[in-house]
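1. can you look at this prediction? I've put the sequence above it.
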Amino acid sequence: MGSFAVSKIKQMSTIEKIQEELDVLLNETRKHEIVLHNDDVNTFDFVIDSLVTVCDHTLEQAEQCTILVHYKGKCSVKTGEYKDLEPRCSKLLELGLSAEIV
């Protein structure tokens with residue numbers, strides 16, 4: 001095998017190794033989101049207050065999400081790493097809201 005062929009194989013091997021490392025890094029930092037679902041129980045004010053408290057929304061953000069949930073049936077209310085979202089989603093569920101992490 002010529003030196004060009006050996007060099008090309010090493011280059012491909014390096015590219016594959018970098019791609020594998022990138023894939024692992026992307027999987028580790030993949031963003032998740034909390035999706036809030038509409039219900040017929042909770043008031044607009046309660047949902048808004050919950051989003052401000054639990055998801056650190058501004059009043060305007062919380063109002064917009066609440067309207068979207070009401071008219072569209074669901075809305076992504078928080079995006080981030082799973083470890084940050086899990087306790088927030090649990091708190092929303094404890095408050096009687098319908099939410100999931102996707």
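-> That came in fine, so what should we check first?
2. ranges for the helices of the protein?
-> Shown for the chain, the helices assigned by DSSP state H span residues 3-28, 44-55, 59-72, 82-94.
3. which among those is found nearest to Val102?
-> With C-beta to C-beta as the measure, helix 82-94 is the member of the helices of the chain nearest Val102 (9.8 Å). From N, CA and C alone the C-beta is placed, and that goes for glycine too.
4. ok, and the closest non-adjacent residue to Gln61?
-> Closest residue to Gln61 apart from its sequence neighbours, by C-beta to C-beta, 6 or more residues apart in numbering: Leu51 at 7.2 Å.
5. could you single out the most deeply buried of the helices of the chain?
-> Sort the helices of the chain by mean neighbour count, taking mean count of other C-beta atoms under 10 Å, and helix 44-55 sits at the top with a mean of 18.
6. between helix 82-94 and it, find me the angle.
-> With axes from the mean of the first three to the mean of the last three C-alpha atoms, to 10 degrees defining the directions, helix 44-55 sits at 150 degrees from helix 82-94.
7. list the helices and strands helix 44-55 packs on?
-> Here helix 44-55 touches strand 32-37, helix 59-72, strand 74-80, helix 82-94, going by 3 or more C-beta pairs under 8 Å, 6 or more residues apart in numbering; DSSP states H and E.
8. for these, give me CSV that also has mean pLDDT and distance to Phe46.
-> Shown next, in CSV, are these (pLDDT from 0 to 100; distance: least, C-beta to C-beta, whole Å):
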stretch, mean pLDDT, distance to Phe46
strand 32-37, 98, 12
helix 59-72, 98, 9
strand 74-80, 98, 14
helix 82-94, 97, 11
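9. save these as TSV, and put in distance to Thr14 too.
-> Listed next are the helices and strands packed on helix 44-55 as TSV, based on distance: least, C-beta to C-beta, whole Å:
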stretch	distance to Thr14
strand 32-37	32
helix 59-72	45
strand 74-80	33
helix 82-94	31
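10. in CSV: the helices of the chain, plus distance to His37.
-> What follows is these, written out as CSV (distance: least, C-beta to C-beta, whole Å):
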stretch, distance to His37
helix 3-28, 27
helix 44-55, 11
helix 59-72, 7
helix 82-94, 10
